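> Prediction below, plus the sequence it came from.
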Amino acid sequence: MNKSIKASLLSALLFPGAGHIFLKKYLLGTVLSASAIAALYVLIANAVVIAQQIVEKIQNGEIGLDAAAITAVMEKQPPGAESLLIDIATLVLIVSWLIAVVDSYRLGKIQDNDAANKET
């Protein structure tokens with residue numbers, strides 16, 4: 001398996017930036033990983049806050065302990081700025097993942113071609 005395929009699979013299946021680190025492009029790999037980590041932090045922190053709110057409502061008796069009631073509460077979008085922050089974090093995560101996969105494939109192809117040229 002050539003470097004371009006390995007790098008793109010690492011970025012696609014493991015984490016954004018893993019393919020760049022495999023290709024020894026440490027700065028770009030770190031930037032992509034850091035942006036994905038930051039986006040995941042925002043998304044997970046928001047999910048924890050929502051879960052805590054649901055648990056409090058269950059403990060206070062505001063909602064019943066049944067799946068339909070919990071699902072209805074979970075489906076409510078957070079108001080204003082929180083919703084925008086979640087949308088931005090989701091977009092950053094998706095874009096960083098796509099950039100990581102495509103760019104690691106591109107850089108791997110360059111390294112594969114350089115290795116092939118040195119052999120001839």
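Noted; the coordinates are in hand. Bear in mind that the values here come from a model prediction, so they are computed numbers and not experimental data.
> Could you use CA atoms for every contact and neighbour count after this?
Noted.
> So what's the gap between the longest helix along the chain and the chain middle?
When the chain is parsed with DSSP state H, its longest helix is helix 81-119. Centroid separation between helix 81-119 and its chain, computed with Cα atoms, centre = their mean, to the nearest Å, is 11 Å.
> Same question for stretch 5-17.
With Cα atoms, centre = their mean, you get 12 Å for stretch 5-17.
> Could you list the low-pLDDT ranges of the protein?
77-79 (pLDDT under 70).
> Find the residue at the geometric middle of it.
Nearest residue to the geometric centre of the chain (Cα atoms, centre = their mean): residue 93, 4.0 Å.
> Quick check: buried residues in the longest helix of the chain?
Neighbour-count burial for helix 81-119, counted by 16 or more other Cα atoms under 10 Å, picks out 86, 89-90, 92-93, 95-109, 111.
> That helix packs against which elements?
Packing partners of helix 81-119 (3 or more Cα pairs under 8 Å, 6 or more residues apart in numbering; DSSP states H and E): helix 3-9, helix 18-22, helix 26-60.
> returning to what we had before: ok, and the closest non-adjacent residue to the residue nearest to the centre of the chain?
Spatial nearest neighbour of residue 93, chain neighbours left out: residue 36 (5.1 Å); criterion: Cα to Cα, 6 or more residues apart in numbering.
> would you turn the helices and strands packed on helix 81-119 into TSV with distance to residue 115 and mean neighbour count?
Formatted as TSV, the helices and strands packed on helix 81-119 follow (distance: least, Cα to Cα, whole Å; neighbours: other Cα atoms under 10 Å):
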stretch	distance to residue 115	mean neighbour count
helix 3-9	10	21
helix 18-22	16	24
helix 26-60	20	16
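> Turn the ones you listed into JSON lines, columns for distance to residue 76.
Supplementary listing: the helices and strands packed on helix 81-119 in JSON lines, determined by distance: least, Cα to Cα, whole Å:
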{"stretch": "helix 3-9", "distance to residue 76": "36"}
{"stretch": "helix 18-22", "distance to residue 76": "35"}
{"stretch": "helix 26-60", "distance to residue 76": "10"}
